[in-house]
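S.K.: Coordinates for the following, if possible.
(one chain, ligands or ions: 1)
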Amino acid sequence: MAKTGDGDNLGTAEGAVLGRASHTLHAENPVLRDTWAIELLGEASRAVARDPESDAKVLAASGIDFRLILAVGIGSLRYAEDEVERAVERGVDQYVILGAGFDTFALRRNDLADRIRVFEVDFPDVQSLKRDRIDAAEATPAQRPTFVPVDFETMKISDALPAAGFDPTRPSIWSWMNTIPYVTVEATEATLSDVRTLMAPGSRLCLNYQGKVPLTEAQAEYLGKIGLTTSEGGEPWVSSWLPESFEEVVAERGFRLIEHATEDDLNARYYAGRSDGMHAGVPSRLVTIEASD
Ligand SMILES: C[S@@+](CC[C@H](N)C(=O)[O-])C[C@H]1O[C@@H](n2cnc3c(N)ncnc32)[C@H](O)[C@@H]1O
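M.R.: Just a heads-up that it's a prediction; the model follows:
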């Protein structure tokens with residue numbers, strides 16, 4: 001199914017980059033300075049991003065404060081990029097972004113372009129739209145990612161990634177952010193097994209997933225509304241795990257748990273002391289795992 005949106009429905013990949021464009025343009029101290037985000041937007045969403053009142057207008061029109069979940073999305077990408085920077089310092093030179101959507105790491109990181117090659121995995125239609133937007137952009141990309149079209153539900157990354165030039169015998173760094181809720185439990189667990197076969201010892205993967213955790217009434221109501229908007233847009237949330245079950249899932253697949261963090265950790269790390277009140281307002285689980293020997 002197409003995931004690039006249709007009419008008023010942007011699709012989650014473009015919706016996420018619109019949020020980052022707005023955050024970058026208007027926040028006093030962006031958690032992720034996504035200077036390429038604006039370049040990847042269509043004309044209408046570019047106008048929304050440029051409007052300093054757009055968050056307030058969306059809240060007034062829909063009653064949904066998207067910043068509470070946007071902060072999870074942005075903070076999670078920052079979390080992954082911090083890990084990528086540490087990997088580069090260790091000499092890792094391959095970065096695979098699963099469910100990359102309109103991620104802009106490859107496009108904007110001039111400082112790392114000749115030190116790490118970026119592979120992006122997503123649906124073919126999302127990648128095709130992104131390619132067109134890169135071609136039409138005024139800015140010059142730091143590097144063009146290698147696009148690897150894969151549907152996690154039906155395809156194996158281990159077939160596609162080595163064919164695209166990825167070397168599984170050398171260490172790599174991976175992220176899988178803001179995507180797993182859209183992937184079934186079965187496909188997520190199969191993909192984790194498959195990814196593990198491509199990871200030389202010491203390789204790491206950062207991801208986030210939806211935890212089955214107790215919710216306050218306000219959180220349940222909020223997540224109900226957001227879940228409805230993604231379902232209506234054709235991208236329903238379909239997976240979640242008890243945190244202890246998720247730890248078992250990764251251990252069974254040969255991963256060592258480095259960190260299992262929460263939205264509170266994100267807030268402490270990236271959103272403390274902000275004057276704009278932006279913070280991760282919904283439960284989230286962030287994990288860093290390493291391929292054990
Ligand atoms: C909310 S967007 C997040 C994109 C990006 N990681 C970010 O944080 O901006 C979710 C992404 O997952 C991709 N996705 C969802 N299900 C997928 C599947 N079965 N196979 C490949 N990609 C998938 C979507 O196309 C979309 O780009």
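S.K.: Could you use CA atoms for every contact and neighbour count after this?
M.R.: OK.
S.K.: Report the central residue of this structure.
M.R.: The centroid of the chain falls nearest to residue 177 when counting by C-alpha atoms, centre = their mean (3.2 Å).
S.K.: for that one, what are its contacts?
M.R.: Counting by C-alpha atoms under 8 Å, 6 or more residues apart in numbering, residue 177 makes contact with 73, 76, 77, 80, 98, 99, 100, 206, 207, 208, 209.
S.K.: Quickly list what the fifth one is bridged to.
M.R.: Assessed by DSSP bridges, residue 98 has beta-bridge partners residue 121.
S.K.: count of neighbours near it?
M.R.: 23 (other C-alpha atoms under 10 Å).
S.K.: What of the fourth one?
M.R.: Other residues within reach of residue 80 by the criterion other C-alpha under 10 Å amount to 23.
S.K.: Any figure for the gap between it and the ligand?
M.R.: 10 Å (C-alpha to the nearest ligand atom, to the nearest Å).
S.K.: per-residue pLDDT, residue 293?
M.R.: Each residue has a pLDDT score; the one for residue 293 is 78.
S.K.: ok, now residue 10?
M.R.: Residue 10 carries a pLDDT value of 76.
S.K.: what's residue 290 sitting at in phi/psi?
M.R.: phi -120, psi 140 (degrees, to the nearest 10).
S.K.: excluding its backbone neighbours, what's nearest it?
M.R.: Spatially, and ignoring its direct neighbours in sequence, residue 290 is nearest to residue 204 (4.3 Å; C-alpha to C-alpha, 6 or more residues apart in numbering).
S.K.: Pairing partners for that neighbour in the sheet, please.
M.R.: Here residue 204, judged by DSSP bridges, has bridge partners residue 173, residue 290.
S.K.: Which residue would be the closest one in the stretch 151-293 of the chain to the ligand?
M.R.: Of all residues in the stretch 151-293 of the chain, residue 151 sits closest to the ligand, at 3.5 Å by C-alpha to the nearest ligand atom.
S.K.: and the residue nearest to that residue when sequence neighbours are not counted, how many neighbours?
M.R.: Distances taken as C-alpha to C-alpha, 6+ apart put residue 123 closest to residue 151, at 5.7 Å, once the chain neighbours are dropped. The tally of other residues near residue 123 (other C-alpha under 10 Å) stands at 21.
S.K.: give the contact list for residue 123.
M.R.: Residues in contact with residue 123 (C-alpha under 8 Å, 6+ apart) are 3, 99, 149, 150, 151.
S.K.: For the stretch 151-293 of the chain, what lies in contact range of the ligand?
M.R.: Within the stretch 151-293 of the chain, the positions near the ligand by C-alpha under 6 Å from any ligand atom are 151, 152, 153, 177, 178, 179, 182, 183.
S.K.: I'd like those residues written out as CSV, with pLDDT and secondary structure added.
M.R.: Formatted as CSV, these follow (pLDDT from 0 to 100; DSSP: H, G, I helix; E, B strand; the rest coil):
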residue, pLDDT, secondary structure
151, 97, coil
152, 98, coil
153, 97, coil
177, 98, coil
178, 98, coil
179, 98, coil
182, 97, helix
183, 98, coil
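S.K.: What's the mean pLDDT across the strand or helix carrying residue 88?
M.R.: Assigned by DSSP states H and E, residue 88 falls within helix 67-89. The average pLDDT for helix 67-89 rounds to 98.
S.K.: now stretch 124-143
M.R.: Mean per-residue pLDDT for stretch 124-143: 96.
S.K.: the helices in the stretch 151-293 of the chain, which residues?
M.R.: Shown for the stretch 151-293 of the chain, the helices assigned by DSSP state H, counting those that start in this stretch span residues 157-163, 185-196, 217-232, 243-252, 263-266.
S.K.: Now the ones you listed in TSV, please, with extra columns for mean pLDDT.
M.R.: Output for the helices of the stretch 151-293 of the chain, formatted as TSV (pLDDT from 0 to 100):
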stretch	mean pLDDT
helix 157-163	96
helix 185-196	98
helix 217-232	94
helix 243-252	98
helix 263-266	98
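S.K.: show me what contacts residue 240?
M.R.: Residue 240 neighbours (C-alpha under 8 Å, 6+ apart): 181, 185, 209, 210, 211, 212.
S.K.: Fine by me, thanks again.
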